[in-house]
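> pasting a predicted model and its sequence here:
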Amino acid sequence: MAGRPITDAPEEAIAAQMVRWAVVAASVVTLASALVGLWDPGWSRWLTVGLNVLWSLCLVAGARRSVWLGVAAVVAVAQLGFFGWMSAGCFILQVAAFAMRFPLRGALTATASTWLTASIAVALLSHLHPPGYHMKAYQLLLATTNTFLLGALMRSALLSKARAESLAEQLRGANEMLRRDLQATEALATAQERARIARELHDSLGHSLATAHVHTQLVRKLARAGDDEIMQAIDQVGTSTRQAMHALRDAVALLRPQGSGSRLHQRLEELLDRLPTGVLAHTLSVTGVSRALSPAKEFALYRAVQEAITNVITHAHATTIEIQLHYGERAVTIDIADDGEGVAHVHPGFGLRGMAERLESVGGYLEITSAVGQGFHLRLEVAS
């Protein structure tokens, strides 16, 4: 019997179960012999108890290292040879341990060789057996047959359980791998679709807006300088097409895969830089660690800030606007405050309701506060 450790998962499970079984079996045998020794004291009884303790230690160690199971077998054979039925318990359980610890061929070989050795020892030393504990070789065979079968059945059940658990673990791993692959495939498909939409918007709508803006400038040159109404209308068309081109550029940039463009605070800086000089003083402060958001969340925040600036310009009668962007651990927050007239009671119009709905669609929210003479304060927040 080689003394190598068990390494594969099913055998490791058997070894762990056998340790528990060996502790229980060894405890029962040792305790029983000790109780009998107290009831019927004698030197042979207490020698048997000592040998049972030695056998118990070797049996428990043999669950992991087969060499110790061999030492336990030597102790069991020695006890059987000298004391007969008085020490048969150790030998009977030893056979069960062989059947549990080794595959069938190895268990049969170990049991047969041990049984043969024990039979010779019983035949030669039976005259030394204590009175009433004489043993015959055929009795030894009968006593160990059932325990061998029980040990083999226990090994088979433990192997089946360990293999089923191993297969279940492999199946869970395969399912997890499949789930990750599916998520990666979906993310790739989404990124490709966003890129396709961005490309279509840029190539078709962008070209049309650029052409319209060029023709607007041409018409302005050809129009008579003295016709103020025509010039104002042309200027308004030019402003609208220019704003539409900026909005289209922002939408295309947000549709691009992350990592290819600027982050939210950079887009907000570009948005504020396009405000007419002298119309609205503005400041933008950024705190926290800047990081990219999902396109949907970044787009929702950007559009909400854009709408807020438009409202300040057209309705608030403000001269300054302050925007604070904060990258928190779990959320990104934008505070927008102006020095406009403010109102006593906020009645959200289409613009504010649209901002709230856009943020809610990505799991965020909009909070609005105002007071007369203290302007408006908007808080935008989305989880990151």
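Thanks, I have the structure now.

> low-confidence stretches in the stretch 1-150 of the chain?
Counting by pLDDT under 70, the stretch 1-150 of the chain contains low-confidence residues at 1-11, 13, 32-46, 84-86, 126, 129-135, 137.

> for it, which segments count as helices?
For the stretch 1-150 of the chain, the helices defined by DSSP state H, counting those that start in this stretch occupy 9-39, 43-62, 66-83, 88-101, 104-125, 137-200.

> point out the most buried one among those helices.
Greatest average neighbour count among the helices of the stretch 1-150 of the chain goes to helix 88-101 (a mean of 25), per mean count of other C-beta atoms under 10 Å. In this view, the C-beta of every residue, glycine as well, is placed from N, C-alpha and C.

> circling back to that earlier point, distance to residue 369 added to the helices of the stretch 1-150 of the chain, as CSV?
CSV is the format used below for the helices of the stretch 1-150 of the chain (distance: least, C-beta to C-beta, whole Å):
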stretch, distance to residue 369
helix 9-39, 62
helix 43-62, 73
helix 66-83, 78
helix 88-101, 75
helix 104-125, 80
helix 137-200, 35
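
> and the gap between residue 100 and residue 73?
Distance of residue 100 to residue 73, given as C-beta to C-beta, to the nearest Å: 14 Å.

> report the buried residues of the helix or strand where residue 299 lies.
Take DSSP states H and E as the rule and residue 299 turns out to sit in helix 295-311. The neighbour-count check on helix 295-311 (16 or more other C-beta atoms under 10 Å) flags 295, 297-309, 311 as buried.

> list just the nearest of those residues to residue 280.
Ranked by distance to residue 280 (C-beta to C-beta), those are led by residue 309 at 7.7 Å.

> for the closest one, which non-adjacent residue is spatially closest?
residue 321 (6.7 Å; C-beta to C-beta, 6 or more residues apart in numbering).

> and the one you found, that's in a strand?
Yes: counting by DSSP: H, G, I helix; E, B strand; the rest coil, residue 321 is located in a strand.

> burial measure for it, as a count.
By other C-beta atoms under 10 Å, the residues close to residue 321 number 25.

> circling back: nearest to residue 343, out of the helices of the stretch 1-150 of the chain?
helix 137-200 (39.1 Å).

> what's the angle between that closest one and helix 295-311?
Orientation of helix 137-200 against helix 295-311 (axes from the mean of the first three to the mean of the last three C-alpha atoms, to 10 degrees) gives an angle of 40 degrees.

> other SSEs contacting helix 137-200?
helix 9-39, helix 88-101, helix 104-125, helix 228-255 (3 or more C-beta pairs under 8 Å, 6 or more residues apart in numbering; DSSP states H and E).

> can I get those in CSV with distance to residue 80?
Shown next, in CSV, are the helices and strands packed on helix 137-200 (distance: least, C-beta to C-beta, whole Å):
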stretch, distance to residue 80
helix 9-39, 13
helix 88-101, 5
helix 104-125, 5
helix 228-255, 84
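
> measure residue 189 to residue 183 for me?
Distance, residue 189 to residue 183, using C-beta to C-beta: 11 Å.

> same check, this time on residue 377
39 Å.

> what secondary structure does residue 372 sit in?
Secondary structure, three-state DSSP: residue 372 is coil.

> next: residue 347.
Judged by three-state DSSP, the three-state class of residue 347 is coil.

> for it, grab phi and psi.
Note on residue 347: its backbone torsions stand at phi -120, psi 90 [degrees, to the nearest 10].

> ok, residue 338 next?
Dihedral angles for residue 338 - degrees, to the nearest 10 - are phi -130, psi 170.

> what's near enough to touch it?
Shown in contact with residue 338 (C-beta atoms under 8 Å, 6 or more residues apart in numbering): 312, 316, 318, 320-322, 375-376.

> that one bridge partners, please.
Residue 338 forms beta bridges with residue 321, as assigned by DSSP bridges.

> pLDDT added to the contacts of residue 338, as a markdown table?
Output for the contacts of residue 338, formatted as a markdown table (pLDDT from 0 to 100):
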| residue | pLDDT |
| --- | --- |
| 312 | 86 |
| 316 | 81 |
| 318 | 87 |
| 320 | 90 |
| 321 | 91 |
| 322 | 93 |
| 375 | 91 |
| 376 | 93 |
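
> can you say which of these are buried?
Buried by 16+ other C-beta under 10 Å: 312, 316, 318, 321-322, 375-376, out of the contacts of residue 338.
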